[in-house]
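A.B. asks: after the sequence you'll find the predicted model.
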Amino acid sequence: MEQNVILQAIKELQVAMKEGFTKLETRMDSLKSRMLAVEEGQQELIDSVNLLVKENWNTKKDIVRIEKSLGMNGQF
């Protein structure tokens, strides 16, 4: 009789642990999906910043070129 109680308790514990692991796995999958979305957003932001830096650098080069052509040589 005592063994049956112990075995039943073990079975109930196994079921509870399996349910807990299933819930944890579901939450981890959800977290992975959200982390991937964040990483994609970060990459888009990095790409945008790099483009802005390049455009800014090109604009500065154009300004210097125009100043030189007008004989201003950085007077402003």
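C.D. replies: Okay, I see it. Remember, predicted model here, so these are calculated numbers, not experimental data.
A.B. asks: what ranges does this protein have for its helices?
C.D. replies: 2-69 (DSSP state H).
A.B. asks: mind showing which ranges of the chain have poor pLDDT?
C.D. replies: In the predicted model of the chain, residues 74-76 satisfy pLDDT under 70.
A.B. asks: in the protein, what residue sits furthest out from the centroid?
C.D. replies: residue 1 (55.2 Å; Cα atoms, centre = their mean).
A.B. asks: where's it relative to residue 11, distance?
C.D. replies: 16 Å (Cβ to Cβ, to the nearest Å). C-betas here are computed from N, CA, C, even on glycine.
A.B. asks: now residue 55
C.D. replies: Distance from residue 55 to residue 11, by Cβ to Cβ: 66 Å.
A.B. asks: cool, and residue 35?
C.D. replies: 36 Å.
A.B. asks: got it, and residue 48?
C.D. replies: Taken as Cβ to Cβ, the span from residue 48 to residue 11 is 56 Å.
A.B. asks: residue 18 too?
C.D. replies: 11 Å.
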